[in-house]
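Peer 1: structure here, sequence nowhere to be found:
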């Protein structure tokens, strides 16, 4: 194969550990150094993963053994850090969402185009084995023609938010769970059905002390007329589910959110059910439905997405989720937030022009 | 107890048989006669249920052994038939929806008030044991505070509709599955969470040869700020499900649509799951969720609703779902259809003034 790609971790919060647990198992990557402004954080991370630490971004970016950066800094810092890294010639993995403002997302798109570095935004859930299987069953029309989808990604985070937390601020987390959780499902929906054309959203703060939206229910209409519902709620126990309605069969997918951060076994803690007709009859009261378990490959969703960046660095080509695709995911979030404020359906074209 | 209430069946299509299968098992009711304009239909029904048949409505309404009528004529004939029966002093059970136009619903409301007869609109699904259990778990706050619900009622009916069928005509089935299936869930949602204030709907014909809407995705906002999603789709295998999101637990309810018309065993072919925290931790990555099966009483949803009319005839009081409540269910349907045409959220107050 190829030499492992040298990796630096930038931003050393909780998610940096979840990511490193996944990609340090890969033979395609070698974690060489890390950076955070806080020395303690560098030491703790370096000790855990047996890597160096750099005291400044300049020092890190000057290293020749760093080809790629894994960026898990706060969302509103993505643009600034990506610009710095891309201009130093480093390839980039950045956590979703690409940013929380269109302006920042456009700056990122611009600098990636200018510098030609490889780029991936970490919408990992479309990598899950179950998602790939659903995509195949839709594309081959095994479930007939699809009319609609329902996707939910929710957890209890809003119930515990304290004033001052960035998740409670509409500027740093527009739409609350829509930015933090929903953007995964928006990526899945556009992966499964193509580009969204317009959205409508009911959203509001509920059962929280922050002023940000914590409960959203959003409708999406796709460019080809198909439809989807997206539920993102920060006021309930964790849920991650996708239902697909086809003319021949429905699919019901659910993963156990307890295992979301254990990316090597997330697929193993999930189920995909296909509902089809066991017997047909001219009399609609005499039709029998049957639910069948669907098998799929188990995939480490965090590991494979980082490996994809390594692959395009070594072999050329582009990643599945570049700056433009992730900007389109953000645009759906921003349109949904605008819909709440303006109490009307909002076209994606109004957001990205 | 009391003497059985004498019943007449008016309108002898498919659903008259499904209803009669349920209420003829009750000791509170006695089916004495039936009416349809078609003699063959009267004979077939009379033979099956061992009852008389009347050749005219006038003859039927003149009978002293008929205290109550079970009306399953087409939706757009409800108002006319109900007026005739109420003015003859007969108590009334009518299939849902109360009507397909506000004008007709108001005529029904008016004649019930004028004549003082007892009235029930057959939104049977709120009678299911699982629905009663969910209502109890919401009201007692066993699942904490509820923020949102998702309800789905769908089947394959639109795929087979031929031009000329009343279900394919927006005048006789506004919103397609929204009128025919969704109104059950609208009743359930208003039963569980109170009055709806406004709705937004994406709806369109899909995979059908008729011009009526066959796929709807609808958002509902309640007067107290809670929210719900309603999916009604005539282009997929049957689904009937309700998910409730609470701060302490979620509920996932699903019935096997194959058993919808077998009202004595519908509850037995359904599952209610409660998702709660099995273990809590300050670290959100270390929380474990647990799904627990919830038991509930099995109820014959069609039988008990007809028995309720008998009960209020003998004992006084009013039924759970009078003309005003069922008019409010229709208003949500009509607001959702208006939302499709006007591409904006529609207030229920715009419909019922």
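Peer 2: Looks like it arrived, so ask away. Quantities reported herein were computed from a predicted structural model and do not represent experimental measurements. Residues are numbered from 1 along each chain as shown, chains lettered A, B, ... in the order given.
Peer 1: now residue A:233. Its backbone dihedrals?
Peer 2: For residue A:233, the backbone dihedrals (degrees, to the nearest 10) come out as phi -140, psi 130.
Peer 1: and the spatially closest residue to it that is not a sequence neighbour, bridged to which residues?
Peer 2: Of all residues not flanking residue A:233 in the chain, residue A:154 sits nearest, at 3.8 Å (C-beta to C-beta, 6 or more residues apart in numbering or on different chains). (C-beta placed from N, C-alpha, C; glycine too.) With DSSP bridges as the criterion, residue A:154 is bridged to residue A:239.
Peer 1: ok, residue A:154 - contacts?
Peer 2: If you count contacts by C-beta atoms under 8 Å, 6 or more residues apart in numbering or on different chains, residue A:154 has them with A:177, A:181, A:231, A:232, A:233, A:234, A:236, A:238, A:239, B:245.
Peer 1: now, those residues that are in helices?
Peer 2: Secondary structure defined by DSSP state H assigns residue A:177 of the contacts of residue A:154 to helices.
Peer 1: reformat the contacts of residue A:154 as TSV; add neighbour count and pLDDT.
Peer 2: Output for these, formatted as TSV (neighbours: other C-beta atoms under 10 Å in any protein chain shown; pLDDT from 0 to 100):
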residue	neighbour count	pLDDT
A:177	26	98
A:181	29	96
A:231	27	98
A:232	33	98
A:233	32	98
A:234	31	98
A:236	30	97
A:238	23	96
A:239	23	97
B:245	27	98
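Peer 1: only the buried residues of stretch A:100-107, if you could.
Peer 2: Buried residues in stretch A:100-107, counted by 16 or more other C-beta atoms under 10 Å in any protein chain shown: A:100, A:101, A:102, A:104, A:105, A:106, A:107.
Peer 1: ok, so of these, who is nearest chain B?
Peer 2: Checking the buried residues of stretch A:100-107 against chain B with C-beta to the nearest C-beta, the nearest one is residue A:100 at 20.5 Å.
Peer 1: please name the nearest non-neighbouring residue to that closest one.
Peer 2: residue A:75 (4.7 Å).
Peer 1: filter the buried residues of stretch A:100-107 down to just the ones in helices.
Peer 2: A:102, A:104, A:105, A:106, A:107.
Peer 1: give me the contact list for the host helix or strand of residue A:312.
Peer 2: In this structure, residue A:312 sits in helix A:301-315 according to DSSP states H and E. Here helix A:301-315 makes contact (C-beta under 8 Å, 6+ apart) with A:2, A:4-5, A:7, A:18-19, A:22-23, A:25-26, A:28-29, A:67-68, A:70, A:91-93, A:118-120, A:122-125, A:127-128, A:263-264, A:266-267, A:317-321.
Peer 1: coming back round to it: how close does the residue nearest to residue A:100 get to chain B?
Peer 2: The gap separating residue A:75 from chain B is 18 Å, by C-beta to the nearest C-beta, to the nearest Å.
Peer 1: wait, isn't that residue in contact with residue A:94?
Peer 2: No - if you go by C-beta atoms under 8 Å, residue A:75 and residue A:94 don't touch, sitting 9.4 Å apart.
Peer 1: neighbour count for the two, which is higher?
Peer 2: Each of residue A:75 and residue A:94 has its neighbours counted (other C-beta atoms under 10 Å in any protein chain shown); residue A:94 has more, 27 against 22.
Peer 1: in PyMOL, how would I select the buried members of the contacts of helix A:301-315?
Peer 2: Selecting only the buried entries of these in PyMOL, with 16+ other C-beta under 10 Å as the criterion:
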select buried, chain A and resi 4+5+7+18+19+22+23+26+28+29+67+68+70+91+92+93+118+119+120+122+123+124+125+127+128+263+264+266+267+319+321
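Peer 1: now, the contacts of helix A:301-315 that are in helices?
Peer 2: Per DSSP H, the contacts of helix A:301-315 map to helices at A:18, A:19, A:22, A:23.
Peer 1: now do the closest residue to the last one other than its chain neighbours against residue A:36, distance only.
Peer 2: The reference is to residue A:23. Leaving aside its chain neighbours, residue A:23 sits nearest to residue A:306 (4.3 Å; criterion: C-beta to C-beta, 6+ apart). Separation of residue A:306 from residue A:36 (C-beta to C-beta, to the nearest Å): 19 Å.
Peer 1: all helices for the stretch 51-200 of chain A, in order.
Peer 2: Assigned by DSSP state H, counting those that start in this stretch, the stretch 51-200 of chain A shows helices spanning A:57-62, A:78-87, A:102-115, A:129-139, A:157-160, A:177, A:183-193.
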